[in-house]
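[1] From the sequence below, what's the structure:
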Amino acid sequence: MKMNHVGIMVGDMDEAVEFYTQALGLKIVMNNTKVIEERESAIGRMCIAVFGEGFKGFNIAHLVTTDGIGVELFEMKERQERHEVDFSRLGIFHFCLQTDDFETVMEKVVELGGKVRMDVMRYHPEDDSKPAKMVYLEDPFGNLFELYSHSYEDTYASDYE
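    Residues are numbered from 1 along each chain as shown. Presented below is the predicted three-dimensional model:
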């Protein structure tokens with residue numbers, strides 16, 4: 001199994017595309033496209049199956065990370081303006097990207113309306129041979145994401161405290 005893409009609900013498509021491309025370095029595959037509720041096309045029928053009758057339409061953009069993982073941005077016609085994180089609810093609560101340049105990414109995140117939620121932390125601060133670090137951030141719409149300095153396998157290949 002390989003990771004193919006993740007879908008993220010956003011409050012403003014133009015702002016979201018700017019944020020995800022400028023702050024996080026994703027590349028546009030298909031820019032902001034309007035999808036309406038209809039039954040004539042395969043995509044229209046698929047959207048009704050996924051979102052249900054009466055979803056009213058949405059804007060969608062397809063982006064991609066440098067390693068080819070897709071990021072689908074959805075701006076639903078009827079939506080909340082901000083994601084409210086509720087850690088007591090089941091479901092996905094964040095995604096993670098890997099970078100060598102935490103400081104620049106963090107600066108761009110804030111500059112483009114996002115938020116840094118914590119200080120950068122090392123998984124093994126007691127061991128200089130294990131430099132893996134991480135930080136949690138938010139996009140301008142309250143969606144949580146994390147930055148890792150190392151691959152997932154490298155980060156968890158040994159115990160941490």
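[2] what's the burial count for residue 138?
    By other C-beta atoms under 10 Å, 19 other residues sit near residue 138. Backbone N, C-alpha and C define where each C-beta goes, glycine included.
[3] who's in contact with the closest residue to it other than its chain neighbours?
    Of all residues not flanking residue 138 in the chain, residue 115 sits nearest, at 4.3 Å (C-beta to C-beta, 6 or more residues apart in numbering). Counting by C-beta atoms under 8 Å, 6 or more residues apart in numbering, residue 115 touches 109, 137, 138.
[4] Can you lay out those residues as a markdown table showing distance to residue 155, pLDDT and secondary structure?
    Shown next, in a markdown table, are the contacts of residue 115 (distance: C-beta to C-beta, whole Å; pLDDT from 0 to 100; DSSP: H, G, I helix; E, B strand; the rest coil):
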| residue | distance to residue 155 | pLDDT | secondary structure |
| --- | --- | --- | --- |
| 109 | 21 | 98 | helix |
| 137 | 17 | 98 | strand |
| 138 | 21 | 97 | strand |
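[5] Next one: residue 105 from residue 67, what distance?
    16 Å (C-beta to C-beta, to the nearest Å).
[6] Phi first, then psi, for the nearest residue to residue 151 once chain neighbours are set aside.
    Spatial nearest neighbour of residue 151, excluding adjacent residues (C-beta to C-beta, 6+ apart): residue 98 at 6.6 Å. Phi and psi for residue 98, reported as degrees, to the nearest 10, are phi -110, psi 140.
[7] in the sheet, who's paired with residue 98?
    residue 148 (DSSP bridges).
[8] Residue 121 now?
    Bridge pairing for residue 121 - DSSP bridges - gives residue 134.
[9] Residue 105 and residue 67 - which one has more neighbours?
    A direct count of neighbours by other C-beta under 10 Å for residue 105 and residue 67 places residue 105 higher, at 20 against 8.
[10] Quick check: residue 145 touching residue 135?
    No - using C-beta atoms under 8 Å, residue 145 makes no contact with residue 135, being 9.7 Å away.
[11] So what's the residue count around residue 144?
    Residues near residue 144, counting by other C-beta under 10 Å: 18.
[12] ranges for the strands of the chain?
    Under the criterion DSSP state E, strands of the chain are mapped to 5-9, 27-35, 58-64, 70-76, 95-98, 115-116, 121-122, 133-138, 144-148.
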